[in-house]
Every structure is written in structure tokens, then in C-alpha cells.
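Participant: sequence first, predicted coordinates after that:
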Amino acid sequence: MNTLNTITILPSTKKEIEIYCNNIKEEILQGNESPLKILKQLKAFELVIKELLKDNELKDCFVNEAYKFKKGQFEFSECKFQVKNSPAKWNYSNCNDSKYNQLVNKLNLAKEELKAREKFLQNIKDVYEDESTGEIINPPLKMQSEIISVTLK
């Protein structure tokens with residue numbers, strides 16, 4: 001079996017994806033397959049997609065193929081493609097700007113102070129009165145749900 005067959009038989013339009021996802025959901029909810037088996041496969045496929053999309057050789061291959069059609073925007077196989085520059089990333093480490101460095105240090109200090117304050121607030125179990133300001137402080141709301149962690153071997 002050709003490895004690419006598994007990708008090419010998957011849905012490739014928004015409508016097909018919607019129908020496909022709804023069908024999978026229904027089959028799982030009806031008990032047609034083990035939910036944990038499907039979760040494992042979804043997690044595995046998520047990692048496959050991430051690996052393929054971050055591969056630099058494949059990125060170059062995709063861009064080179066797109067250039068064969070047209071620079072800029074074009075349609076191919078019922079899909080719009082556009083070759084464009086990624087957003088710029090700036091590196092300020094070589095600027096030797098004392099004002100910039102000072103601001104970065106202030107920001108890092110503020111982040112540390114914020115983390116410390118959040119830790120303090122997390123330890124409040126009931127309404128707390130700040131004696132120095134008279135301010136009444138409520139404990140933060142802890143928002144949490146159950147999840148399943150999936151680690152592939």
C-alpha cells in the first residue's frame with residue numbers, strides 16, 4: 001500500500017471535513033469503536049501532520065511546486081494557494097540599545113512580580129483584607145476540567 005494513499009483519501013474541503021468529523025463522532029458515540037483507540041490514532045495523526053508540516057525539505061518542495069503554477073495566489077485541486085512571505089521575526093540582541101535593554105529588564109521584573117502575586121492570590125482560600133490598603137481581595141477562580149494525556153510509544 002502506498003503511504004500517501006492514507007492522506008489522499010481523507011476529506012479535502014471544509015464541507016467534507018465537517019461531514020467526516022460528524023460521522024466519526026457519531027460512530028464513536030454509538031460505540032462502534034473504542035474511544036481510547038480512536039483518541040490514540042487522532043493523537044498519532046496530529047503528530048504526523050506536525051512533523052510533515054515543519055519539515056524544511058518538504059516546505060521547500062511545496063513552495064517550489066507552487067512556483068510552477070504561478071507566483072502569488074492561484075487555485076489548484078479545488079483549493080486556493082498563495083505563496084507569500086512569512087511574518088517577519090525581529091532579533092534585537094545586536095542593537096546595543098540601552099533603552100531597549102532597560103525596558104526588557106523592566107518587563108522581566110514585572111513578569112516575575114506578577115507570577116509572585118498570582119502565587120500569593122492562589123494561596124488565598126477565603127476573602128482576604130489587605131491591612132495596608134484596606135482592600136478586600138477575593139480568591140481567584142480555579143478553572144479546570146478533566147483531560148486525557150496521550151503518550152505514544
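Facilitator: Received, thanks. If you're wondering where the values come from, they're calculated on a predicted model, not measured in any experiment.
Participant: gap between the nearest residue to residue 69 once chain neighbours are set aside and residue 86?
Facilitator: Among residues not flanking residue 69 along the chain, residue 76 sits closest, at 6.2 Å (C-beta to C-beta, 6 or more residues apart in numbering). From N, CA and C alone the C-beta is placed, and that goes for glycine too. Residue 76 sits 21 Å away from residue 86, going by C-beta to C-beta, to the nearest Å.
Participant: between these two, point out the one with more neighbours.
Facilitator: More crowded of residue 76 and residue 86, by other C-beta atoms under 10 Å: residue 76, with 11 against 5.
Participant: I figured the more buried one hits residue 70, correct?
Facilitator: No: using C-beta atoms under 8 Å, residue 76 makes no contact with residue 70, being 9.4 Å away.
Participant: outside of the longest helix along the chain itself, list whatever touches it.
Facilitator: Counting by DSSP state H, the longest helix found in the chain is helix 98-122. Helix 98-122 is contacted from outside by 92, 137, 139-140, using C-beta atoms under 8 Å, 6 or more residues apart in numbering.
Participant: and the most centrally placed residue in the chain, what element?
Facilitator: The residue lying closest to the centre of the chain (C-alpha atoms, centre = their mean) is residue 50, at 10.4 Å. Under the criterion of DSSP states H and E, residue 50 resides in helix 35-54.
Participant: following that helix in sequence, what is the next regular element?
Facilitator: Using DSSP H and E, the next helix or strand after helix 35-54 towards the C-terminus is helix 56-69.
Participant: quick one on the thing from earlier: just how off-centre is the longest helix of the chain within its chain?
Facilitator: Centroid separation for helix 98-122 versus its chain: 25 Å, with C-alpha atoms, centre = their mean, to the nearest Å.
Participant: stretch 119-128 now?
Facilitator: Chain-centre distance of stretch 119-128: 31 Å, with C-alpha atoms, centre = their mean.
Participant: do the same with stretch 24-44
Facilitator: 22 Å.
Participant: between the two ends of it, what distance do you get?
Facilitator: Length of stretch 24-44, first residue to last, C-alpha to C-alpha, to the nearest Å: 16 Å.
Participant: please apply the same query to stretch 120-128.
Facilitator: Using C-alpha to C-alpha, first and last residues of stretch 120-128 are 11 Å apart.
Participant: average pLDDT for that stretch?
Facilitator: Mean per-residue pLDDT for stretch 120-128: 94.
Participant: measure the residue nearest to the centre of the chain to residue 43 for me?
Facilitator: 11 Å.
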